[in-house]
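Colleague: Sequence first, predicted model second:
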Protein chains: 2
Amino acid sequence: MEKTKVTIGVDIGGTNTVFGFVDKNGKIIYSSSIPTHSDKDANQLFERLFNEINTSYKKFENEYKLVGIGIGAPNANYYKGTVEMPPNLNWGMVNVLELIKRYTPLPSAITNDANAAAIGEMIFGAAKGMKNFIVITLGTGLGSGIIVNGDLVYGNDGFAGEIGHTIVFPNGRECGCGRKGCLETYASATGIRRTVFELISSTNIQSKLREKSFEELTSKEIADAANAGDKLALAAFDYTAKILGMKLADSVAYLSPEAIILFGGLALAGDLIFEPTKKYLEENLLNIFKNKVKILPSALPGAEAAVLGSSALIWNELAKKNL
Amino acid sequence: MEKTKVTIGVDIGGTNTVFGFVDKNGKIIYSSSIPTHSDKDANQLFERLFNEINTSYKKFENEYKLVGIGIGAPNANYYKGTVEMPPNLNWGMVNVLELIKRYTPLPSAITNDANAAAIGEMIFGAAKGMKNFIVITLGTGLGSGIIVNGDLVYGNDGFAGEIGHTIVFPNGRECGCGRKGCLETYASATGIRRTVFELISSTNIQSKLREKSFEELTSKEIADAANAGDKLALAAFDYTAKILGMKLADSVAYLSPEAIILFGGLALAGDLIFEPTKKYLEENLLNIFKNKVKILPSALPGAEAAVLGSSALIWNELAKKNL
């Protein structure tokens, strides 16, 4: 009997590195994780990672054939195979695709987590069959993956898709990138926390959030407060959605996507963020685009989304090469 | 001897419709124009146009073989072959590709003028060999054509590439689209005229432009004044470039293009617009994109650019189909 083909999806995070064996239909055969040890270099991670992968693969190698490896990592460059000065890893500049040739001769590909999420949605998730869509990840920052004509937009240098660093207000909030007013300083899990503190300072709206320090406060707590009717938390969601909806109207003007998929921690707030974002998007759209663009939640299961995205990356490469 | 293949490029404007026979190298064998009669319907235009085309073709049909027709028109939809409610033509909704089947069995394609300009630059102009670039047309409005992975970005509905209608200031200048603060209300030939009048109202800078009415004033006259040292005209160029450079930094964050090509009336002002636009773009770019993106003038000869663009559109279609 012919073995079923599987790929490995790897997601490298600042704390843990998750990997999983995924078949062509997005079924996860096996997954696990190891600590990343972000203070150490990339070599030690991949040595431990491939030890784990080889050990786990032995359990089902009679049944499955490994055909490729897809990797999601911060600041990854698809064209060059590199990870470049990732903010949460002490790696400097590493050519990951070169490095892993020490451990495997299999085809491999790497991209950043937002791009992996976009390919994951296209192959396994909410964007199946779509050729033009955008994935927005609302986490600590705002990441984005853009699909045009069925392909990821990498641009000339591999770094396209930085919608989180488009400018909302020229002299707005300080951003981690060194500039001011970037979208991610407003629309992200961190952005909504900043908005809560702006509202605490500028209004007299009563709120239990006034009892929290900035470091304590999570976007989940803001959502819980909003669901319990806290007016300041509700105002924070409204403001976040207002900025996001306005800037997504720009995204539509650029790309006229079939859908925009919201992904990540802040998207888990559900209607609190989706409903006002849809409203403000429609208000800001050019007439020809009104009532056309879907705003959808991710259809990748939360805990496994990153592994599925990285696996989809390499499945997509293999499909392009008819392998 | 085998005949040389030619296509026809047609550019439909509010006043005149220009057409030309163009070979594969961008050489124009013959070109001419007829009045559009924008108050009348589309049928009458195409009947007169194909009369002209057939008459002219007789002169060199022994030498050249006609293989396709490309059309640039306002509000054209590439996917559907339609022109939809063009602001300067009394056409309503017309399926142009269906309509011209009455006159020719040749392969045909239609797109808007900014998209035609982008394909023209790729096939015959400043973007030869580039796979990722943006063309910005600075005319009465601001049009844009986006090329990603060597293909035009049409999006889900055919209307992608409306960078002129991304929002600069949420409650800014009234735009012809019915919204406020669109980029084209600042960065276009009309936008710089509005800026001159804003500066006349808000400053005491002396200027000979104070002698002109809004209807009289052209962007060419503002350029002439700036070249003669007129401080208000210089300030108007600086402000226009400041807004344009800032918003093009967003374009780079989306698409990471190899180049941005400025085209159209206002781009003819040369250094007056290119130098400050480059400066403000660089100031606003995310670090990873700094000193990477070229800002280039169009390399299509002005008077013939539109015909070359429309011709390039159909040459590109024929190449995709290996015809």
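Modeller: Looks like it arrived, so ask away.
Colleague: So which residues on the stretch 151-300 of chain A come close to chain B?
Modeller: Within the stretch 151-300 of chain A, the positions near chain B by C-beta under 8 Å from any C-beta of the partner chain are A:151, A:153-163, A:165-167, A:170, A:177-179, A:246, A:249-251, A:253-258, A:284, A:286-289, A:292. Glycine gets a C-beta too; all of them are placed from N, C-alpha and C.
Colleague: The lengthiest helix in chain A: what's the following helix or strand?
Modeller: In chain A, taking DSSP state H as the definition, the longest helix is helix A:231-255. Using DSSP states H and E, the next helix or strand after helix A:231-255 towards the C-terminus is strand A:259-263.
Colleague: Figure out the helix or strand that A:Val67 lives in.
Modeller: strand A:64-72.
Colleague: what does that strand contact?
Modeller: A:3-12, A:21, A:23, A:29, A:57, A:96, A:100, A:104, A:106-113, A:115-116, A:306, A:309-315, A:317-318, A:323 (C-beta atoms under 8 Å, 6 or more residues apart in numbering or on different chains).
Colleague: Give me the helices and strands touching the longest helix of chain A, please.
Modeller: Using 3 or more C-beta pairs under 8 Å, 6 or more residues apart in numbering or on different chains; DSSP states H and E, the elements in contact with helix A:231-255 are strand A:133-138, helix A:189-202, helix A:219-227, strand A:259-263, helix A:271-284, helix B:231-255.
Colleague: Which one, of these, ends up nearest to B:Glu52?
Modeller: Shortest distance between B:Glu52 and the helices and strands packed on helix A:231-255, using C-beta to C-beta, is found for helix B:231-255: 38.3 Å.
Colleague: what distance separates that closest one from the centre of its chain?
Modeller: Here helix B:231-255 is found 18 Å from its chain centre; the criterion is C-alpha atoms, centre = their mean, to the nearest Å.
Colleague: May I see the buried residues of it?
Modeller: By neighbour count on 16 or more other C-beta atoms under 10 Å in any protein chain shown, the buried set for helix B:231-255 is B:232-255.
Colleague: distance of A:Gly172 from A:Glu184?
Modeller: Per C-beta to C-beta, to the nearest Å, A:Gly172 is found 11 Å from A:Glu184.
Colleague: before we move on, what about A:Leu313?
Modeller: Remark: distance between A:Leu313 and A:Glu184 (C-beta to C-beta) = 23 Å.
Colleague: higher neighbour count, A:Gly172 and A:Glu184?
Modeller: Neighbour count, other C-beta atoms under 10 Å in any protein chain shown: between A:Gly172 and A:Glu184, A:Glu184 has more, with 26 against 16.
Colleague: Next, the more buried one: secondary structure please.
Modeller: Of the three states, A:Glu184 takes helix under DSSP: H, G, I helix; E, B strand; the rest coil.
Colleague: quick one: the longest helix of chain A to helix A:219-227, angle?
Modeller: On the basis of axes from the mean of the first three to the mean of the last three C-alpha atoms, to 10 degrees, helix A:231-255 is oriented at 110 degrees to helix A:219-227.
Colleague: Please name the spatially closest residue to A:Leu232 (chain neighbours excluded).
Modeller: Nearest non-adjacent residue to A:Leu232, counting by C-beta to C-beta, 6 or more residues apart in numbering or on different chains: A:Ser207, 3.5 Å away.
Colleague: I meant to write A:Met246 there.
Modeller: Leaving aside its sequence neighbours, A:Met246 sits nearest to A:Asn284 (C-beta to C-beta, 6+ apart; 4.9 Å).
Colleague: and the residue of the stretch 101-250 of chain A found nearest chain B, what pLDDT?
Modeller: Nearest residue of the stretch 101-250 of chain A to chain B: A:Gly155, at 2.6 Å (C-beta to the nearest C-beta). pLDDT, the model's per-residue confidence, is 98 for A:Gly155.
Colleague: Okay, now the unreliable bits of chain A?
Modeller: A:323 (pLDDT under 70).
Colleague: that older thread, what is the burial count for the residue nearest to A:Met246?
Modeller: 22.
Colleague: List the contacts of it.
Modeller: A:Gly245, A:Met246, A:Ala249, B:Ile167, B:Arg179.
Colleague: which among these gets closest to A:Ser33?
Modeller: Nearest to A:Ser33 out of the contacts of A:Asn284 is A:Gly245 (C-beta to C-beta; 35.5 Å).
Colleague: and the closest one, how far is that from A:Thr277?
Modeller: Taking C-beta to C-beta, one finds A:Gly245 at 5 Å from A:Thr277.
Colleague: Quick check: phi and psi on the residue most central in space within chain A?
Modeller: For chain A, A:Ala114 is the residue whose C-alpha lies nearest the centre (C-alpha atoms, centre = their mean; 3.3 Å). Main-chain dihedrals, A:Ala114, degrees, to the nearest 10: phi -70, psi -40.
Colleague: The closest residue to it other than its chain neighbours - how many residues pack around it?
Modeller: In this structure, A:Ala114 finds its nearest non-sequential neighbour in A:Gly143, 3.1 Å apart by C-beta to C-beta, 6+ apart. Neighbourhood size, A:Gly143 [other C-beta under 10 Å]: 26.
Colleague: wait, what's in contact with A:Gly143?
Modeller: With C-beta under 8 Å, 6+ apart, A:Gly143 has these contacts: A:Asn112, A:Asp113, A:Ala114, A:Ala117, A:Ile136, A:Thr137, A:Gly161, A:Gly164, A:Gly264.
Colleague: The second one and A:Ala306: what is the separation?
Modeller: The spacing between A:Asp113 and A:Ala306, counted by C-beta to C-beta, is 6 Å.
Colleague: Now for the two: what residues contact both?
Modeller: What both A:Asp113 and A:Ala306 touch, as defined by C-beta under 8 Å, 6+ apart, is the set A:Asp11, A:Gly72.
Colleague: A:Lys131 is in contact with A:Gly150, correct?
Modeller: Yes. Contact criterion C-beta atoms under 8 Å: A:Gly150 and A:Lys131 qualify, at 4.5 Å.
Colleague: Mind checking which of these two has more residues around it?
Modeller: Regarding A:Gly150 and A:Lys131, a neighbour count based on other C-beta under 10 Å identifies A:Lys131 as having more, with 15 against 12.
Colleague: about what we covered before: contacting residues around the residue nearest to A:Leu232?
Modeller: Applying C-beta under 8 Å, 6+ apart, the residues near A:Ser207 are A:Ile200, A:Ala225, A:Asp230, A:Lys231, A:Leu232, A:Ala233.
Colleague: Pull out the buried positions in stretch A:12-19.
Modeller: In stretch A:12-19, counting by 16+ other C-beta under 10 Å, buried: A:Ile12, A:Gly13, A:Thr17, A:Val18, A:Phe19.
Colleague: From those, which land in strands?
Modeller: A:Ile12, A:Thr17, A:Val18, A:Phe19 (DSSP state E).
Colleague: what about the residue in the stretch 201-323 of chain A that chain B sits nearest to, neighbour count?
Modeller: In the stretch 201-323 of chain A, the residue that lies nearest chain B is A:Ser256 (2.6 Å; C-beta to the nearest C-beta). By the measure other C-beta under 10 Å, the count of residues near A:Ser256 is 24.
Colleague: Look up the closest residue to it, ignoring the ones flanking it.
Modeller: In space, A:Ser256 is closest to B:Gly155, 2.6 Å off (C-beta to C-beta, 6+ apart).
Colleague: for A:Gly120, same thing?
Modeller: A:Gly309 (3.2 Å).
Colleague: ok, now A:Glu258?
Modeller: Nearest one to A:Glu258, counting by C-beta to C-beta, 6+ apart, is B:Asn156 at 4.0 Å.
Colleague: Roughly how far does that neighbour sit from B:Val135?
Modeller: 21 Å.
Colleague: Please apply the same query to A:Phe197.
Modeller: From A:Phe197 to B:Val135 the distance is 43 Å (C-beta to C-beta).
Colleague: And for A:Gly181?
Modeller: Per C-beta to C-beta, A:Gly181 is found 27 Å from B:Val135.
Colleague: what's the answer for A:Asn227, then?
Modeller: 47 Å.
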